[in-house]
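1. based on what follows, work out the 3D shape:
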Amino acid sequence: MAIMDCMAVFEAKHIGVRYMRGGKPFAPFSDVSFSLEGGRIYDLTGPSGSGKSTLLNACALMVSRTEGEMLLDGASFEGMKPNEWRRQVCLVPQSASLVPGTVRDNLLFPWTLKVNAGSPRPTDGELAELLNKAALDGVELDHSAAQLSGGQQARVALLRAFATRPRVMLLDEVEAALDDESALAVSRLTRCVLAKEAACLRIRHRADDGYAYGTFTLADGVISYEQNPAKPTNEPVSGL
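-> Presented below is the predicted three-dimensional model:
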């Protein structure tokens, strides 16, 4: 069991998931506990099929749990509507899924959804600042999303999630299909725009990039934790 912190932004306690696979009940894990502190990025690793993506989906209420409790700033998920929880605990899937239209259309897409209807939309100036932090040279708000490269699409999808200012970011191998340079740009962007009061848990299988405070490993239904010995890169990279 990973060590819990009473000041954690997010806590999962004894989470379990069970579903049918090949016509038989299957439980990738049944007693997983961990916590995430604000202002920190954490990696989640483990062998293929260990349930890493399932765990992120369970934390975002995208799949049903069979047991366990989740807390956001000490408050149980049971006291929040699912859509509000998902706005605060935001899951970004592996494949960037952009809507037809411009970069602006994509960054503002969350405000077309009911859960964000009552919150103010970012201004063009705020959106342009996000693009600058993402080091998307030459990409303007009026740029067609269909003309973006894979690395650019991944960064726009990440910016779209960060624009709603969630408390927890869950990144499901968002850099898996990217080249090394684009993957590093995504890591830099995550560190640059992650607020001090927010936390990030990301599934990744690349070599350590210096941005993770610690690493969770999920294997054989058990989660373990190891703090990275080197001090994480906490300052924005020059030019972001």
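2. contacts only, for the one residue sitting closest to the centre of the chain.
-> Residue closest to the mean C-alpha point of the chain, counted by C-alpha atoms, centre = their mean, is residue 170 at 2.3 Å. Applying C-beta atoms under 8 Å, 6 or more residues apart in numbering to residue 170 gives the contacts 56, 59-60, 89-92, 200-202. To be clear about C-beta, it is placed using only N, CA and C from the backbone, and glycine gets the same treatment.
3. equivalent analysis for residue 150, please.
-> By C-beta under 8 Å, 6+ apart, the contact set of residue 150 is 96, 177-178, 182.
4. would a markdown table of the residues you listed with neighbour count and distance to residue 84 be doable?
-> Shown next, in a markdown table, are the contacts of residue 150 (neighbours: other C-beta atoms under 10 Å; distance: C-beta to C-beta, whole Å):
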| residue | neighbour count | distance to residue 84 |
| --- | --- | --- |
| 96 | 22 | 25 |
| 177 | 15 | 31 |
| 178 | 21 | 31 |
| 182 | 18 | 33 |
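5. of those residues, closest to residue 46?
-> Nearest to residue 46 among the contacts of residue 150: residue 177, at 19.5 Å, using C-beta to C-beta.
6. check the gap between the closest one and residue 194 for me.
-> Distance check for residue 177 against residue 194: by C-beta to C-beta, to the nearest Å, it reads 22 Å.
7. cool, and residue 211?
-> Noted for residue 211: a distance of 9 Å to residue 194, by C-beta to C-beta.
8. and those two? Which one has more around it.
-> For residue 211 versus residue 194, the count of surrounding residues by other C-beta atoms under 10 Å is larger for residue 211: 24 against 19.
9. low-confidence ranges in this structure?
-> Where the chain drops to pLDDT under 70, the residues are 1-6, 231-240.
10. if I pick the residue nearest to residue 82 when sequence neighbours are not counted, what's in contact with it?
-> Once flanking residues are discounted, residue 82 sits nearest to residue 61: 5.1 Å by C-beta to C-beta, 6 or more residues apart in numbering. Contact analysis of residue 61 by C-beta under 8 Å, 6+ apart lists 77, 82, 85-86, 89.
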